[in-house]
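Engineer: Here's a sequence, model it:
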Amino acid sequence: MKSQKENKKSLELYGNLLCPLVTGQCAVFKANGDIYRTSTVKAIHEVSVDSIRFETENTHYHLFLSPYPAAVICQFPLEPAACA
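Structural biologist: Numbers count the residues shown, from 1 in each chain. Reported below is the predicted structural model:
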């Protein structure tokens with residue numbers, strides 16, 4: 001008999017989180033021009049500057065943050081640039 005983990009599909013996508021990723025809540029992100037709302041996040045496995053690996057009730061996700069991964073972790077306010 002297969003375990004539940006073996007029955008889960010795996011997805012690799014390029015996109016950005018639209019809300020903070022929180023265990024016990026759904027994930028919301030934009031990838032490939034579409035907005036995704038997942039089932040409940042069961043575990044966050046890895047967070048790096050350019051990607052996030054997490055698991056929901058049904059799927060293992062590897063979200064590659066693009067096109068500007070550093071903007072996700074920016075912790076200081078940004079001022080708009082003046083146009084010439």
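Engineer: Okay, buried residues for the lengthiest strand in the chain please.
Structural biologist: Counting by DSSP state E, the longest strand found in the chain is strand 34-47. Across strand 34-47, burial judged by 16 or more other Cβ atoms under 10 Å covers Tyr36, Thr38, Val41, Lys42. All C-beta atoms are positioned from the backbone trio N, CA, C, and that covers glycine.
Engineer: Lys42 is in contact with Gln25, correct?
Structural biologist: No. If you go by Cβ atoms under 8 Å, Gln25 and Lys42 don't touch, sitting 10.8 Å apart.
Engineer: Tell me what Leu11 is bridged to.
Structural biologist: Tyr61 (DSSP bridges).
Engineer: what residue ranges in this structure score low on pLDDT?
Structural biologist: The chain contains residues with pLDDT under 70 at 1-6, 67-84.
Engineer: Mind doing that once more with 50?
Structural biologist: For the chain, applying pLDDT under 50 flags the ranges 1-2, 4-5, 69-76.
Engineer: Okay, strands next: where are they in it?
Structural biologist: So, for the chain - with DSSP E - the strands run 9-17, 26-31, 34-47, 51-56, 59-65.
Engineer: Phe29: how many residues sit nearby?
Structural biologist: The tally of other residues near Phe29 (other Cβ atoms under 10 Å) stands at 20.
Engineer: Does it touch Leu17 like I think?
Structural biologist: Yes. Counting by Cβ under 8 Å, Phe29 touches Leu17, with 4.8 Å between them.
Engineer: Next, show the common contact partners of these two.
Structural biologist: The contact sets of Phe29 and Leu17 overlap at Leu63 (Cβ atoms under 8 Å, 6 or more residues apart in numbering).
Engineer: Since that was my last question, I'll sign off now.
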